[in-house]
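S.K.: Have a look at this prediction, sequence included:
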Amino acid sequence: MTFMELQLSARVSPIVDSLSTLTHSSDPPHGAPDASTGTPTLTTDKVLVPHEVRSTAHRDGEDFGVFAAAEIAAGVTCVAFGGFVTPGPTFRLLDPQRQHHSLQIGDDLFLACAETLADGDLVNHSCEPTLGFVGEITLVAIRDIRVGEQLTFDYATCDSQLYDEFECECSTPSCRIKVTGEDWMRPDVQERNRGHFSPYLQRRIDALQR
């Protein structure tokens, strides 16, 4: 079955079901062999620093986040995203939870996550993030990160559509209360995340400022 057929079939499992299977504290090291088969363990998204996945409080029930398990210096590459390259018309047929854990990489182009979530899919939004984009698919620490701090990025640095709007619960002094697909146009968001927008979105910001 091709990826397109998979998305259009009724056999797509809701992403939320896979959250109940999260019992590990972190992804295995990149390329580490599976204990039972000896073959490399690969994931579409990867957290590249020592980390833990923890349950977090959420107004709609249990959620998950990724937390630093060691001190991380500013500039260190922390997360690399992957997935299935998916044009907008196909992407909009996916389950909303799968859309939520995917990444926008172009004006109407997305990296859809796998059916089984990897730790990188659980990196949450914050209006005052600890990570920012360098390139289209990598997140780096934008400041020194302490043990126990959550790894987060501002979704406005890659999202420009309305598919993933939600009430924000980051509780930071700069919290926008509601995160929308138009936040990237806000001057305060552009200033706070300067140098850490997805390339396609930075091009749109540059065009607005001409």
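M.R.: Structure received.

S.K.: wait, is residue 67 part of a helix?
M.R.: No. Secondary structure of residue 67 (DSSP: H, G, I helix; E, B strand; the rest coil): strand, not part of a helix.

S.K.: burial count for it?
M.R.: Neighbourhood size, residue 67 [other CB atoms under 10 Å]: 18. Every C-beta, even on glycine, is put in place using the N, C-alpha and C of the backbone.

S.K.: show me what contacts it?
M.R.: Contact analysis of residue 67 by CB atoms under 8 Å, 6 or more residues apart in numbering lists 51-54, 148-151.

S.K.: is it in a bridge, and if so with what?
M.R.: In this entry, residue 67 is beta-bridged to residue 52, residue 150, by DSSP bridges.

S.K.: For it, give me the pLDDT.
M.R.: As predicted, residue 67 sits at a pLDDT of 97.

S.K.: Lowest-scoring secondary structure element of the protein by mean pLDDT?
M.R.: helix 15-19 (a mean of 37; mean pLDDT, DSSP states H and E).

S.K.: biggest separation within the contacts of residue 67, which pair?
M.R.: Farthest apart among the contacts of residue 67 by CB to CB are 53 and 149. That separation is 14.2 Å.

S.K.: neighbour-wise, which of those two wins?
M.R.: In this view residue 53 and residue 149 are compared by other CB under 10 Å, and residue 53 has more residues nearby, 20 against 15.

S.K.: ok, that one touching residue 66?
M.R.: Yes. At 5.9 Å, residue 53 and residue 66 qualify as touching, with contact defined as CB atoms under 8 Å.

S.K.: Buried residues of the longest helix belonging to the chain, list them for me.
M.R.: Longest helix in the chain, counting residues (DSSP state H): helix 199-208. For helix 199-208, a neighbour-count test (16 or more other CB atoms under 10 Å) marks 201-202 as buried.

S.K.: Dump the C-alpha coordinates for it into CSV.
M.R.: Only the C-alpha atoms of helix 199-208 are listed here, as CSV (Å, rounded to 0.1, in the frame of the first residue of the first chain):
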residue,chain,number,x,y,z
PRO,A,199,13.2,28.9,6.2
TYR,A,200,10.0,29.0,4.3
LEU,A,201,8.4,31.2,7.0
GLN,A,202,11.4,33.4,7.2
ARG,A,203,11.1,34.1,3.5
ARG,A,204,7.5,35.2,4.1
ILE,A,205,8.5,37.4,7.0
ASP,A,206,11.2,39.0,4.8
ALA,A,207,8.6,39.7,2.1
LEU,A,208,6.3,41.4,4.6
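
S.K.: That one packs against which elements?
M.R.: With contacts taken as 3 or more CB pairs under 8 Å, 6 or more residues apart in numbering; DSSP states H and E, helix 199-208 sits against no other helix or strand.
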